[in-house]
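Visitor: show me how the following folds:
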Amino acid sequence: MLYRRLGSSGLKVSELSLGSWLTYGGAIDFKQSELIIDKAYELGINLFDTANVYHKGEAEQVVGKALAKYPRTSYVLATKVCVPMGDGPNDRGLSRKHIREQCEASLKRLGVDYIDLYQCHRYDTETPLEETLRALDDLITQGKVLYTGVSMWKAEQLIDGIHIAKSLNLDRIISNQPQYHMFRRGIEKDIVPLCKREGIGQIVYSPLAQGILTGKYKPGMPFPDQSRAADPAQNGAIVNLITEEQLIKVEKLGTIAERNELSLAQLALAWILRLDNISSCIIGASRPEQVAENAKASGVKLSPQDIQEIEAILSA
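Guide: Numbering: from 1, shown residues only. Sure, this is the predicted structure:
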């Protein structure tokens with residue numbers, strides 16, 4: 001496993017990180033979750049990403065319990081705040097009150113004294129950005145949080161945050177967590193150049209387009225049994241993403257993967273890691289074997305010819 005600096009900070013994170021959305025605390029039990037986390041740790045993955053809202057805190061509990069056996073200094077723990085955690089008017093957003101209370105709740109669920117990376121899960125239009133940034137800065141001063149980041153912020157929102165932090169001499173944002181994969185490339189135009197200039201690293205999620213880029217879905221064929229798309233309880237997002245056109249492109253990408261002795265998933269991950277502003281790709285898994293397979297993408301360097309051919313397939 002190779003490691004990259006998170007933006008221009010001194011923090012180093014594994015090129016592949018493990019997420020807990022849709023799995024821990026929900027789709028799979030604790031024992032299976034622990035096996036997956038153990039495999040990731042064994043393979044050198046040191047960044048574990050979760051959020052307070054994932055299964056209303058249960059994912060944090062699972063991640064914290066599974067990692068408790070390892071030295072706290074050996075892994076980077078990331079969680080998030082913003083999305084509603086209750087029905088009350090202050091049970092959401094990025095106000096000082098909600099950030100402070102949810103940080104304490106996350107620390108308790110995770111069973112740790114500090115959070116390595118505390119991320120704003122969304123942008124809060126109802127709270128002054130200065131209030132949010134000061135609250136995050138206070139948590140760093142108190143030692144409860146080491147670094148702060150954001151998720152799914154627009155370029156103009158990032159710019160505002162950068163300027164306010166600089167003008168008030170507040171601790172700066174070091175990461176952004178956007179969705180990014182071969183079929184969703186919006187960050188390349190504005191977000192990546194801005195973040196590269198300002199020392200903010202990308203921790204991208206859904207790098208395999210919720211499984212589309214693994215090759216398990218075939219053109220003209222029914223969804224395979226045991227797949228997320230075939231499960232009515234989980235397929236709300238993915239069934240709307242799968243198109244015949246995309247599946248045909250995935251089949252063509254398979255020839256490039258075979259030529260490089262890679263799986264389609266490994267090719268998709270290596271393609272993302274071609275950008276030096278990408279600090280880490282968050283992978284999900286329901287089995288340890290999936291983690292082991294995807295982890296092999298770390299360190300893979302695609303040739304200029306490979307990248308050119310991939311671009312031709314994607315833009316066709």
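
Visitor: Ile282 and Leu208 touch, don't they?
Guide: No: the criterion here is CB atoms under 8 Å, and Ile282 misses it with Leu208 at 10.2 Å. The C-beta positions use only the backbone N, C-alpha and C, and glycine is treated the same way.

Visitor: contacts only, for the residue lying closest to Ala165 once chain neighbours are set aside.
Guide: Leaving out its chain neighbours, the residue that sits closest to Ala165 by CB to CB, 6 or more residues apart in numbering is Arg172, at 5.0 Å. Neighbour list for Arg172: 148, 162, 165-166, 199 [criterion: CB atoms under 8 Å, 6 or more residues apart in numbering].

Visitor: isn't Lys296 up against Ala265?
Guide: No: using CB under 8 Å, Lys296 makes no contact with Ala265, being 9.3 Å away.

Visitor: just want to know which of the two has more residues nearby.
Guide: Ala265 (22 against 17; other CB atoms under 10 Å).

Visitor: ok, and the more buried one, which helix or strand is that part of?
Guide: If you go by DSSP states H and E, Ala265 is part of helix 264-272.

Visitor: how many residues are close by Ala292?
Guide: 14.

Visitor: what's near enough to touch it?
Guide: 39, 43 are the contacts of Ala292 under CB under 8 Å, 6+ apart.

Visitor: distance of it from Leu269?
Guide: Distance, Ala292 to Leu269, using CB to CB, to the nearest Å: 13 Å.

Visitor: low-confidence ranges in the protein?
Guide: Within the chain, the stretches with pLDDT under 70 are 22-27, 220-240.

Visitor: ranges for the strands of it?
Guide: 3-5, 12-14, 16-19, 47-49, 76-81, 115-120, 145-151, 173-177, 201-204, 278-283 (DSSP state E).

Visitor: between the ones you listed, which gets nearest to Arg109?
Guide: Proximity to Arg109 (CB to CB) singles out strand 76-81 among these, at 8.8 Å.

Visitor: the closest one vs strand 145-151, what angle?
Guide: 60 degrees (axes from the mean of the first three to the mean of the last three CA atoms, to 10 degrees).

Visitor: name the helices or strands packed onto strand 76-81?
Guide: For strand 76-81, the elements it packs on are strand 47-49, helix 58-67, helix 96-110, strand 115-120, judged by 3 or more CB pairs under 8 Å, 6 or more residues apart in numbering; DSSP states H and E.
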